[in-house]
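> Here is my input; please provide its structure:
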Amino acid sequence: MAMVAAGGEPVEPQSLKKLSLKSLKRSQDLFAPSHSLLFSPDAESKRIRVSCKVNAEYGAVKNLPTDQGWVQGKGAAAPSSALALPGTQDTRDARGGGTSNAIIPAPLMLPKAPDSTGPDKNTTVLSIPGSSDRFLTSALMERLPSRWPKPEWHAPWKNYRVISGHLGWVRSIAFDPGNEWFCTGSADRTIKIWDLASGTLKLTLTGHIEQVRGLAVSQRHTYLFSAGDDKQVKCWDLEQNKVIRSYHGHLSGVYCLALHPTIDVLLTGGRDSVCRVWDIRTKAHVSALTGHDNTVCSVFARPTDPQVITGSHDTTIKLWDLVAGKTMCTLTHHKKSVRAMALHPKEKSFASASADNIKKFSLPKGEFLHNMLSQQKTILNAMAVNEDGVLATAGDNGSMWFWDWKSGHNFQQEQTIVQPGSLESEACIYALSYDNSGSRLVTCEADKTIKMWKEDLTATPETHPINFKPPKDIRRY
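Numbers count the residues shown, from 1 in each chain. Down below sits the predicted model:
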């Protein structure tokens, strides 16, 4: 029912919101010269407002003891309790004149290089935007640069030669210590030796009755070692081009093979979940490194403890004491099979590749360093690193990614092209390795080809700049 005013006229009922807006409009009509202009700032009110905010946020740390407070640069008289504010040269001069607690608001300005005369890195910086219509303070700590190492520039790699000759998948590769030739093992049960400079076939070795999964060339003898799915490990004398020893003991296919760099010991791992240690000269089975729950698919050796490191389909990496024949450490960081590992030729560190991530570990303790900054998102079959710090990883889908070892930055992504007549699904890389100079990379693929890669000498940092963003969150596992 409508209310009746004193004059007898009915009064329309209004909501509280409408009445408050009407009251606000009347107040602005009374006190503001124009609706578009705000009130002029009051200096005293502004000072009180800023002082209250500073005391509320920094009251506990304004007056620290001298051993905890920040120390001014050389030539300063005594530490001041005033909060340092960025500003113009005039405000800096005013601030340096005494030890007053007055707060000097800074105008809004672009970030610039740190001033050597200003406060040090531990100074708390209070930034006040200089727009006169808003008096919002934002407490900002000085932004520190990222501690993540910057990647070095590396030239991109390009494919310069494709070699055909095998009649099956090419599964393994090894280089001659003299860097004159390399050998490849294939699913056609042969081992072929190729000239590195020209890519021509020099020799074909036959003797395995299943695909050849692992190869290694001795640095001290004229021996070539091979392992395959036929459970056999063979030693070939390259002066006679024939098998002179066979190592019997594996209960299933042998997937990986490595030579110890300083003693005459051969290491093999396979589907029987055991890494076996063999004496090269006597064919004796020295020991069996047991502990993995699944296939041992990657192994490498080094001169000092841990002398043997194995990766397995059980997702773990084990560091072994070769003398005692026991595990020194087990790394459980991966969630998928560790199919490939690579030891850095200079640093005391190694990388491991799995479908979930590529991880770097330090030696000798096996401490986790960091993940590579991208995910290849495929099953990684092989990886290799050269002395320049270029890590190459190859996957089941034919992708080959190049990484900067130091920072983990992925600077190039390549996709292999199958040879004419092959299926697209045969775009798969099974093995890859650098030559002994680190300037040539050779990949072994499922389309029965061997591809050779080298750096693009015409590339410069200007034509191929580094597009690097340091990670915001650093995973600790």
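> distance of residue 232 from residue 244?
14 Å (C-beta to C-beta, to the nearest Å). In this view, the C-beta of every residue, glycine as well, is placed from N, C-alpha and C.
> cool, residue 457 as well?
Taking C-beta to C-beta, one finds residue 457 at 43 Å from residue 244.
> Next one: residue 295 from residue 340, what distance?
13 Å.
> next one: residue 220
For residue 220, the distance to residue 340 - C-beta to C-beta - is 26 Å.
> Those two: which has the busier surroundings?
Using other C-beta atoms under 10 Å as the criterion, residue 220 and residue 340 rank with residue 340 on top: 24 against 12.
> Any idea what the more buried one is bridged to?
residue 353 (DSSP bridges).
> Surely it and residue 376 touch.
No: the pair residue 340 / residue 376 is not scored as a contact, 11.5 Å apart, by C-beta atoms under 8 Å.
> list residues touching both of those two?
Common neighbours of residue 340 and residue 376, using C-beta atoms under 8 Å, 6 or more residues apart in numbering, are residue 393.
> Rounded mean pLDDT for stretch 26-46, please.
Stretch 26-46 carries an average pLDDT of 72.
> can you give me the end-to-end distance of that stretch?
Stretch 26-46 has an end-to-end distance of 26 Å (criterion: C-alpha to C-alpha, to the nearest Å).
> Which one's more surrounded, residue 457 and residue 244?
Taking other C-beta under 10 Å, residue 457 and residue 244 do not tie; residue 244 has more neighbours (12 against 8).
> Now do the contacts for residue 164.
419, 448-450.
> Thought residue 398 was touching residue 413, still the case?
No: contact criterion C-beta under 8 Å: residue 413 and residue 398 do not qualify, at 11.3 Å.
> which of the two has more neighbours?
Neighbour count, other C-beta under 10 Å: between residue 413 and residue 398, residue 398 has more, with 22 against 11.
> Need phi/psi at the closest residue to the more buried one other than its chain neighbours.
Counting by C-beta to C-beta, 6 or more residues apart in numbering, the nearest residue to residue 398 once its immediate chain neighbours are dropped is residue 427, at 3.1 Å. The phi/psi pair for residue 427 (degrees, to the nearest 10) reads phi -80, psi 80.
> before we move on, what about the one 5 residues further on?
Main-chain torsions, residue 432, degrees, to the nearest 10: phi -150, psi 150.
> Which stretches in the protein count as helices?
16-31, 43-58, 89-96 (DSSP state H).
> And those: which comes nearest residue 470?
For residue 470, the closest of the helices of the chain is helix 43-58, at 29.1 Å, according to C-beta to C-beta.
> quick one: buried residues of the closest one?
Within helix 43-58, the residues scored as buried using 16 or more other C-beta atoms under 10 Å are 50, 53-54.
> Give me the packing partners of that helix, helices and strands only.
strand 124-127 (3 or more C-beta pairs under 8 Å, 6 or more residues apart in numbering; DSSP states H and E).
> Quick check: mean pLDDT of the strand it packs on?
44.
> just stretch 151-164 next, same as before
96.
> Show me which positions of that stretch end up buried.
Quick answer for stretch 151-164 (16+ other C-beta under 10 Å): 151, 154-155, 157, 163.
> So what's the gap between it and the chain middle?
How far stretch 151-164 lies from its chain's middle: 20 Å, per C-alpha atoms, centre = their mean, to the nearest Å.
> what's the span of it from first residue to last?
End-to-end distance (C-alpha to C-alpha), stretch 151-164: 36 Å.
> cool, and stretch 234-243?
Terminal-residue distance, stretch 234-243 (C-alpha to C-alpha): 7 Å.
> next one: stretch 200-215
First-to-last residue span, stretch 200-215, C-alpha to C-alpha: 19 Å.
> what do you get for stretch 150-157?
20 Å.
> repeat for stretch 376-386
End-to-end for stretch 376-386, by C-alpha to C-alpha: 20 Å.
> Not counting that stretch itself, show me its contacts.
Counting by C-beta under 8 Å, 6+ apart, 337, 339-345, 351, 353-355, 358, 391-397, 399, 401, 405, 428-434, 438-439, 441, 443 sit against stretch 376-386.
> if you set the cut-off to 6 Å instead, what comes out?
339-340, 342, 344, 353, 355, 391-397, 401, 405, 430-434, 438 (C-beta atoms under 6 Å, 6 or more residues apart in numbering).
> Then stretch 272-284?
245, 247, 249-252, 264-269, 286-290, 292, 294, 296, 299, 310.
> If you count neighbours, what's buried in it?
Neighbour-count burial for stretch 272-284 [16+ other C-beta under 10 Å]: 272-278, 280, 283.
> And the residue nearest the centre of this structure?
residue 372 (1.8 Å; C-alpha atoms, centre = their mean).
> can I assume that one is in contact with residue 407?
No: using C-beta atoms under 6 Å, residue 372 is not in contact with residue 407, being 9.3 Å away.
> measure the residue lying closest to residue 306 once chain neighbours are set aside to residue 259 for me?
Of all residues not flanking residue 306 in the chain, residue 319 sits nearest, at 3.7 Å (C-beta to C-beta, 6+ apart). Applying C-beta to C-beta, the value for residue 319 to residue 259 is 18 Å.
> Would you quantify the distance from the closest residue in space to residue 285 that isn't next to it in sequence to residue 413?
Leaving out its chain neighbours, the residue that sits closest to residue 285 by C-beta to C-beta, 6+ apart is residue 249, at 4.9 Å. Counting by C-beta to C-beta, the gap from residue 249 to residue 413 is 41 Å.
> swap in residue 362?
27 Å.
> quick one: which of the contacts of stretch 376-386 sit in strands?
Among the contacts of stretch 376-386, the ones falling in strands (DSSP state E) are 340, 342, 353, 391-395, 401, 430-434.
> can I get these in TSV with pLDDT and distance to residue 383?
Putting these into TSV (pLDDT from 0 to 100; distance: C-beta to C-beta, whole Å) gives the following:
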residue	pLDDT	distance to residue 383
340	97	4
342	97	5
353	97	5
391	97	7
392	98	7
393	98	4
394	97	7
395	96	10
401	97	10
430	97	12
431	97	10
432	97	8
433	97	10
434	97	11
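> Can you give me the neighbour number for residue 431?
Residue 431: 25 neighbours (other C-beta under 10 Å).
> Next up, the contacts around it.
Contacts of residue 431 (C-beta under 6 Å, 6+ apart): 172-173, 382, 444.
> Spatially, what comes nearest to it if we skip its sequence neighbours?
residue 444 is the one closest to residue 431 (C-beta to C-beta, 6+ apart), at 4.2 Å.
> What count of nearby residues applies to the one you found?
Residues near residue 444, counting by other C-beta under 10 Å: 27.
> in terms of contact, does it touch residue 173 like I think?
Yes: under the criterion of C-beta under 6 Å, residue 444 makes contact with residue 173 at 5.2 Å.
> what residues do those two have in common as contacts?
With C-beta under 6 Å, 6+ apart as the test, residue 444 and residue 173 both reach 184, 431.
> Output the lowest mean pLDDT helix or strand found in the protein.
strand 124-127 (a mean of 44; mean pLDDT, DSSP states H and E).
> Fine, thanks again, bye for now.
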